[in-house]
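**Student:** sharing a model prediction with you, sequence too.
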Amino acid sequence: MTEIRLYNSRTRQVAPFRPIDPDRVRIYVCGPTVYDRAHLGNARPVVVFDTLFRLLQHVYGAERVIYVRNFTDVDDKINARAAETGRPIREITDETIGWYHDDMDRLLALRPTHEPRATDYVGAMIAMIEELVAKGHAYAAEGHVLFDVRSFPAYGQLSGRSVDDMIAGARVEVAPYKRDPMDFVLWKPSAPDLPGWDSPWGRGRPGWHIECSAMAHELLGDSFDIHGGGIDLQFPHHENEVAQSCCAHPEGQFARVWMHNEMLLVEGKKMSKSLGNFFTVRDLLDKRIGGEVIRFVFLSTHYGKPMDWTEAKVAEAETVLLRWRGLVAGIEPAQSPAPAVVAALGDDLNTAGAIAALHGLAASGDAAGLLASARLMGLLEEGAGGWAVRSVDSRTAALIEELLAARAAARKARDFARADALRDGFAAAGLIVRDTPQGAEWEAGPNFDPAALEALR
Ligand SMILES: Nc1ncnc2c1ncn2[C@@H]1O[C@H](COP(=O)(O)OP(=O)(O)OP(=O)(O)O)[C@@H](O)[C@H]1O
Ligand SMILES: [Zn+2]
């Protein structure tokens with residue numbers, strides 16, 4: 001059996017991965033808060049953990065891996081969005097989940113085994129909080145329930161900080177009802193016009209951290225194999241998950257391996273909604289950058305390293321994928337992926353090394369091996385062609401858009417000679433253009449010649 005070695009953020013070491021039960025390999029990954037389109041940074045953990053999911057399925061069997069990724073559908077940001085727009089919360093969260101599925105499907109990410117919505121698990125959260133209060137790890141105060149961090153000596157171990165350092169360094173919310181400034185909210189009161197559930201502490205709603213602890217426990221049990229998410233969640237979110245879960249269920253150990261993807265950066269800073277320096281996955285797809293291209297760019301960098309998004313990386317991915325798609329056209333995939341590719345992935349998900357191995361297969365002319373191995377990484381999938389790698393590179397796509405705009409302008413100006421010349425030029429270049437009520441749609445025909453378009457400028 002292929003050995004998988006993973007870097008565990010908890011122990012800060014790479015170690016061989018041994019599932020608790022090889023017939024039920026269990027992963028939990030923190031999913032999105034659903035009030036807006038996913039930005040490109042949010043897609044990085046999706047692609048990273050999808051690749052891990054595929055590798056585990058390959059090694060242990062597709063039916064033996066249980067992958068849970070939640071939707072946080074109760075949150076202040078969602079309430080704020082509902083207040084701004086006057087729309088019902090459920091409508092906003094349903095719509096956002098639909099967008100998330102559409103966008104992540106385009107990145108060739110498999111749907112997880114379970115995608116729990118937090119609001120379906122509030123009963124389990126209340127039960128867990130009651131357990132924590134009963135065991136002396138939490139206390140109720142002014143309609144809130146707080147976790148008592150001093151009651152859990154291992155608090156801070158995951159992120160490598162002591163409670164005293166945290167207080168000194170962190171921006172903590174001081175509140176009169178907290179015994180210690182680091183104590184965090186498990187439950188809080190809810191105003192009558194906001195979502196709320198009846199509980200032993202009055203009508204209220206859960207804190208964010210308890211959601212993941214409760215859903216992971218319901219779906220995966222006291223102990224499971226891998227917990228993932230972005231490094232930005234390591235503290236406080238994951239630290240708090242550990243504290244809640246280990247104190248409520250001391251017979252288990254919660255997650256054995258913690259994996260954190262590094263951030264997608266924009267000019268050295270984390271891409272994030274709060275900084276406003278983001279663009280969405282949808283923005284890229286609308287620019288006709290293929291989902292497969294986006295996936296390839298992510299896989300070109302190890303998940304543990306910060307990365308930038310650049311036009312050059314997109315162009316490189318397009319070139320490689322187009323060449324590979326040409327090589328494997330009409331070829332049946334080999335029985336199994338190449339050992340070098342599996343070994344690279346097993347080496348703490350060394351996706352850059354796996355891509356280097358794919359280049360080796362392409363160079364040696366092993367198209368069947370290339371196809372089987374690329375598919376293990378979610379690349380060169382059949383049927384994905386239409387929206388996977390697109391048929392033209394981004395520079396050509398931009399030129400086509402420019403020429404279509406020029407044709408529209410010519411028509412508007414009643415310059416029919418120019419409009420007709422463009423129409424004939426498109427046909428001569430093998431570009432199929434259809435006029436629709438939403439505007440012009442185009443497709444590269446079988447004899448498409450991008451060079452012929454240049455002359456139309
Ligand atoms: N720039 C980024 N690069 C990589 N992963 C990211 C980035 N930003 C967020 N993530 C990850 O995306 C996932 C979804 O997180 P969540 O929905 O909480 O994002 P968010 O808080 O809305 O984003 P933001 O941080 O932009 O406000 C988490 O696993 C988080 O770690
Ligand atoms: Zn979480």
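**Tutor:** Structure received. Ligands and ions are numbered 1, 2, ... in the order given.
**Student:** list the buried ones in stretch 183-198?
**Tutor:** The neighbour-count check on stretch 183-198 (16 or more other CB atoms under 10 Å) flags 183, 184, 185, 186, 187, 188, 190, 194, 195, 196, 197 as buried. Yep, even glycine has a C-beta here, placed from its N, CA and C like the rest.
**Student:** would you map the strands across the stretch 301-450 of the chain?
**Tutor:** Using DSSP state E, counting those that start in this stretch, the strands of the stretch 301-450 of the chain run over 307-308, 431-436, 439-444.
**Student:** ok, the last one: who's next to it in the sheet?
**Tutor:** Which is strand 439-444. According to DSSP bridges, strand 439-444 forms sheet pairs with strand 431-436 (antiparallel).
**Student:** with the shortest one instead?
**Tutor:** Using DSSP bridges, the neighbouring strands of strand 307-308 in the sheet come out as strand 264-266 (parallel).
**Student:** average pLDDT for the helix or strand just after the partner strand?
**Tutor:** Sequence order places strand 269-270 as the next helix or strand after strand 264-266, per DSSP states H and E. The predicted model assigns strand 269-270 a mean pLDDT of 96.
**Student:** so is strand 269-270 next to ligand 1?
**Tutor:** Yes - using CB under 6 Å from any ligand atom, we find that strand 269-270 touches ligand 1 at residue 270.
**Student:** now stretch 180-196: mean pLDDT?
**Tutor:** 95.
**Student:** between the two ends of it, how far is it?
**Tutor:** Chord length of stretch 180-196, first to last residue, is 26 Å (CA to CA, to the nearest Å).
**Student:** residues in contact with that stretch?
**Tutor:** Stretch 180-196 is contacted from outside by 74, 79, 89, 119, 125-126, 129, 132, 138, 142-150, 155, 163, 166-167, 170, 172-174, 199, 201-207, 209-210, 236, 240, 244, using CB atoms under 8 Å, 6 or more residues apart in numbering.
**Student:** same question for stretch 329-341.
**Tutor:** Stretch 329-341 is contacted from outside by 58, 354, 357-358, 360-361, 366-369, 371-373, 375-377, using CB under 8 Å, 6+ apart.
**Student:** show me which residues of the helix or strand hosting residue 98 are buried.
**Tutor:** Here residue 98 sits within helix 89-106, counting by DSSP H and E. Residues of helix 89-106 classed as buried by neighbour count (16+ other CB under 10 Å): 89, 92, 93, 96, 97, 99, 100, 103, 104, 106.
**Student:** turn those into TSV, columns for distance to ligand 2 and pLDDT.
**Tutor:** Formatted as TSV, the buried residues of helix 89-106 follow (distance: CB to the ion, whole Å; pLDDT from 0 to 100):
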residue	distance to ligand 2	pLDDT
89	20	97
92	20	98
93	17	98
96	17	98
97	17	98
99	20	97
100	16	98
103	20	96
104	17	97
106	24	94
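**Student:** out of those residues, what pair is the most spread apart?
**Tutor:** 89 and 106 (26.3 Å; CB to CB).
**Student:** coming back round to it: okay, and which of the contacts of stretch 180-196 map to helices?
**Tutor:** Among those, the members falling in helices (DSSP state H) are 79, 89, 125-126, 129, 132, 163, 166-167, 209-210, 240, 244.
**Student:** just the buried ones from those residues?
**Tutor:** Burial by neighbour count, judged by 16+ other CB under 10 Å, picks out 79, 89, 125, 126, 129, 132, 163, 166, 209, 210, 240, 244 from the ones in helices among the contacts of stretch 180-196.
**Student:** I'd say the fifth one and residue 210 touch.
**Tutor:** Read that as residue 129. Yes - at 6.5 Å, residue 129 counts as touching residue 210 under the criterion of CB atoms under 8 Å.
**Student:** tell me which element the residue in the stretch 151-300 of the chain that ligand 2 sits nearest to is part of?
**Tutor:** With CB to the ion, the shortest gap between the stretch 151-300 of the chain and ligand 2 falls at residue 212, namely 3.1 Å. Element membership for residue 212 (DSSP H and E) is helix 208-220.
**Student:** and the next helix or strand past that helix?
**Tutor:** strand 223-230.
**Student:** thinking again about what came up before, ok, of the buried residues of stretch 183-198, which one's closest to residue 424?
**Tutor:** Using CB to CB, these come closest to residue 424 at residue 195, 59.3 Å.
**Student:** what kind of secondary structure is that closest one in?
**Tutor:** Secondary structure, DSSP: H, G, I helix; E, B strand; the rest coil: residue 195 is coil.
**Student:** within range of ligand 2, give me the residues from this protein.
**Tutor:** Selection of the chain residues close to ligand 2 by CB under 5 Å from the ion yields 30, 212.
**Student:** can you give the domain ranges for the chain?
**Tutor:** 5-261, 288-387, 389-454 (automatic domain parsing).
**Student:** for ligand 1, find the nearest of these.
**Tutor:** For ligand 1, the closest of these is domain 5-261, at 1.9 Å, according to CB to the nearest ligand atom.
**Student:** from the chain's centroid, how far away is the closest one?
**Tutor:** Counting by CA atoms, centre = their mean, to the nearest Å, domain 5-261 is centred 15 Å from the centre of its parent chain.
**Student:** equivalent analysis for stretch 420-433, please.
**Tutor:** Worked out by CA atoms, centre = their mean, stretch 420-433 lies 40 Å from the chain centre.
**Student:** quick one: residues in contact with stretch 314-322.
**Tutor:** In contact with stretch 314-322 (CB under 8 Å, 6+ apart) are residues 289-290, 292-293, 296-297, 300, 359, 379-380, 388-390, 393-395.
**Student:** residue contacts, residue 157?
**Tutor:** Residue 157 neighbours (CB under 8 Å, 6+ apart): 10, 242.
**Student:** in what helix or strand does it lie?
**Tutor:** Using DSSP H and E, no helix or strand contains residue 157.
**Student:** before we move on, back to that, mind putting the domains of the chain in CSV, distance to residue 267 included?
**Tutor:** Output for the domains of the chain, formatted as CSV (distance: least, CB to CB, whole Å):
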stretch, distance to residue 267
domain 5-261, 13
domain 288-387, 8
domain 389-454, 21
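**Student:** mean pLDDT lowest for which of these?
**Tutor:** Across those, domain 389-454 gives the lowest mean pLDDT, at a mean of 84.
**Student:** mind saving the C-alpha coords of the helix holding residue 98 as PDB?
**Tutor:** The C-alpha coordinates for helix 89-106 follow below in PDB (Å, rounded to 0.1, in the frame of the first residue of the first chain):
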ATOM      1  CA  ILE A  89     -31.800  34.600   5.400                       C
ATOM      2  CA  ARG A  90     -32.700  31.200   4.000                       C
ATOM      3  CA  GLU A  91     -33.000  32.600   0.500                       C
ATOM      4  CA  ILE A  92     -29.500  34.200   0.800                       C
ATOM      5  CA  THR A  93     -27.900  31.000   2.200                       C
ATOM      6  CA  ASP A  94     -29.600  28.700  -0.300                       C
ATOM      7  CA  GLU A  95     -28.500  30.900  -3.200                       C
ATOM      8  CA  THR A  96     -24.900  31.200  -1.900                       C
ATOM      9  CA  ILE A  97     -24.700  27.400  -1.400                       C
ATOM     10  CA  GLY A  98     -25.900  27.000  -5.000                       C
ATOM     11  CA  TRP A  99     -23.200  29.400  -6.300                       C
ATOM     12  CA  TYR A 100     -20.600  27.600  -4.200                       C
ATOM     13  CA  HIS A 101     -21.500  24.300  -5.700                       C
ATOM     14  CA  ASP A 102     -21.500  25.700  -9.300                       C
ATOM     15  CA  ASP A 103     -18.100  27.400  -8.800                       C
ATOM     16  CA  MET A 104     -16.300  24.500  -7.000                       C
ATOM     17  CA  ASP A 105     -17.700  22.000  -9.500                       C
ATOM     18  CA  ARG A 106     -16.000  24.000 -12.200                       C
END
